[in-house]
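Visitor: 3D, please:
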Amino acid sequence: MRQALVAYVQRRGNSRDVAEDVAQESLSKLLRYTERSRPASLYALAFKIAASTLVDRARGEARYSPPVDEGHACSVPLPDTVAEDREQLALLKIALDQMPPLRRAVLVRRRLENQSCARISAELGLSVAAVEKHVVRGLGDLRAAMADRRDRDKVLS
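Guide: Here you go, the predicted structure:
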């Protein structure tokens, strides 16, 4: 019976050492059970005990599984990063709203809509140099707004 149990456990993908341990444990449980009552089939009960022992071992090993690998972190940004990004976006929106309308229109077309300077100059009736100057000044305004924020953060911390 012992060899049949070892073969059974090995067929279920376990090593010889594990099969020997499960067979030993199963036979021990079978002997304790037969002291109290007589089963209809010793072999059937032995295989049932072996299957239950394998399940118990798997549950026990799962409990002590290694910790989650931090190398596979979630790609969703952390809540503090989201809050900081929203604050930056609000500051940039305020800075855009405070710009002269023509500068804002040129900057939005060039940087957000990715239009060429030539197209913007043709549509707004400006020279290409004027469009470039509006873009440079608009970006300067946005940088200044972000620098003010960094200065405030330094004072607060």
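
Visitor: per-residue pLDDT, Gly71?
Guide: Gly71 carries a pLDDT value of 69.

Visitor: what about the spatially most central residue of the chain, which SS state?
Guide: Centroid-nearest residue in the chain, with C-alpha atoms, centre = their mean: Cys74, separated by 1.3 Å. When classified by DSSP: H, G, I helix; E, B strand; the rest coil, Cys74 comes out as coil.

Visitor: need the contact list for it.
Guide: Contact analysis of Cys74 by C-beta atoms under 8 Å, 6 or more residues apart in numbering lists nothing. Every residue, glycine included, has its C-beta placed from N, CA and C.

Visitor: for this protein, which spans come out with low pLDDT?
Guide: Filtered on pLDDT under 70, the chain yields the residue ranges 62-73, 155-157.

Visitor: try 80
Guide: 60-75, 149-157 (pLDDT under 80).

Visitor: farthest residue from the center of it?
Guide: Outermost residue of the chain (C-alpha atoms, centre = their mean): Arg38, 54.3 Å.

Visitor: Could you measure from that one over to Ile94?
Guide: 86 Å (C-beta to C-beta, to the nearest Å).

Visitor: Would you tell me which helix is longest in the protein?
Guide: helix 128-156 (DSSP state H).

Visitor: Pull out the buried residues from that helix.
Guide: 130-132, 134-135, 138, 141-142, 145 (16 or more other C-beta atoms under 10 Å).

Visitor: Repeat that for stretch 39-48.
Guide: By neighbour count on 16+ other C-beta under 10 Å, the buried set for stretch 39-48 is 45-47.

Visitor: With just CA atoms, put stretch 9-18 into CSV.
Guide: Provided in CSV are the C-alpha atoms of stretch 9-18 (Å, rounded to 0.1, in the frame of the first residue of the first chain):
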residue,chain,number,x,y,z
VAL,A,9,1.5,11.4,-4.9
GLN,A,10,4.4,11.5,-7.4
ARG,A,11,1.9,11.2,-10.3
ARG,A,12,0.3,14.4,-8.9
GLY,A,13,3.5,16.3,-9.6
ASN,A,14,5.3,16.0,-6.2
SER,A,15,8.9,15.0,-5.5
ARG,A,16,9.9,11.6,-4.1
ASP,A,17,10.6,13.2,-0.7
VAL,A,18,7.2,14.8,-0.5
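
Visitor: Cool, thanks, talk later.
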